[in-house]
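J.: Sequence first, predicted model second:
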Amino acid sequence: MISILQKAWINDFGVRVRRIRNGTGLSQAQFSDKYSLGGQDSVTRLERGVATGMSLCFTTGLTHVAISLGISLVWLFTGEGEMRPDPDSRDAISEDDLRLLNVMKAAKGVTITIPYNQEATS
């Protein structure tokens, strides 16, 4: 059973994912295909707030989307801070984002590779 707090988080997360997708100008199907997110239905369900769980593949895929578009992972997963802390740079990952990646890795045993041109910023 999903709690009210979890439902609110899923709804808010879906709104942020929709905002990212709309910023790319892609349809849900195109967005899913381009970033290997498991099909339009996965994106649709998440954006509508009806996804009660996300696969590890989907979460990792969204993490790669955010990194490639210069979007803060902290903003994506929590809604805190700026969507794009440094809009002029897509080549930097903040220390907060790196900490979040480490938490995700520890919690899920996930290996998330950072593209070679990405460097941590403080």
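T.: Great, that's in hand.
J.: Go ahead and list the helix or strand containing the most centrally placed residue in the chain.
T.: By C-alpha atoms, centre = their mean, the mean C-alpha position of the chain lies nearest to L62, the distance being 3.7 Å. Applying DSSP states H and E as the criterion places L62 in helix 56-69.
J.: so for that helix, what's the average pLDDT?
T.: Helix 56-69 comes out with an average pLDDT of 78.
J.: Just the buried residues of that helix, please?
T.: Neighbour-count burial for helix 56-69 flags 58-67 (criterion: 16 or more other C-beta atoms under 10 Å). For the C-beta atoms, the positions are set from N, CA and C on the backbone; glycine is no exception.
J.: Walk me through the domains of the protein.
T.: Here the domain assignment for the chain is 1-53, 55-122, based on automatic domain parsing.
J.: need the least confident one among the ones you listed, by mean pLDDT.
T.: Of all those, domain 55-122 carries the lowest average pLDDT, namely a mean of 71.
J.: rewinding a little: could you identify the most distant pair in the buried residues of helix 56-69?
T.: F58 and I67 (15.1 Å; C-beta to C-beta).
J.: For W75, the count of nearby residues, please.
T.: Residues contacting W75 under the criterion other C-beta atoms under 10 Å number 20.
J.: who touches it in this structure?
T.: When contacts are counted by C-beta atoms under 8 Å, 6 or more residues apart in numbering, W75 touches 16, 81-83.
J.: Quick check: the closest residue to I10 other than its chain neighbours vs A8, distance?
T.: Leaving aside its chain neighbours, I10 sits nearest to G49 (5.2 Å; criterion: C-beta to C-beta, 6 or more residues apart in numbering). G49 sits 9 Å away from A8, going by C-beta to C-beta, to the nearest Å.
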